[in-house]
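In: got a structure for you, letters missing:
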């Protein structure tokens, strides 16, 4: 997925209740009990840990 497509997906996820509900159901069906907000928080914290360690933020996405 290109970065542009990823951005569009996030934008749609923020406005499309049905898509958000399907993704939430997918997460639950996979055996996880976390919210999309919690996933974003973890992702943000990982990116910030790279930033505070002096690594470029892009390093986070490549791992």
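Out: Done, it's in. These numbers were taken from a predicted model, which means no experiment stands behind them. Numbers count the residues shown, from 1 in each chain.

In: from here on, contacts and neighbour counts on C-alpha atoms
Out: Fine.

In: Rounded mean pLDDT for stretch 13-30, please.
Out: Averaging pLDDT along stretch 13-30 gives 92.

In: got a list of contacts for it?
Out: The contact list for stretch 13-30 (C-alpha atoms under 8 Å, 6 or more residues apart in numbering) reads 12, 33-36.

In: Just the ones of the residues you listed in helices?
Out: Using DSSP state H, the subset of the contacts of stretch 13-30 located in helices is 12, 36.

In: tell me which element the most centrally placed residue in the chain falls in.
Out: In the chain, the residue lying closest to the centroid (C-alpha atoms, centre = their mean) is residue 40, at 4.8 Å. According to DSSP states H and E, residue 40 maps onto helix 36-52.

In: list the helices and strands that helix packs on?
Out: Contacts defined by 3 or more C-alpha pairs under 8 Å, 6 or more residues apart in numbering; DSSP states H and E place helix 36-52 against helix 57-61.

In: what mean pLDDT does the helix it packs on have?
Out: In this model, helix 57-61 has a mean pLDDT of 56.

In: Can you mark which positions in the helix holding residue 40 are buried?
Out: By 16 or more other C-alpha atoms under 10 Å, the buried positions in helix 36-52 come out as 47-48.
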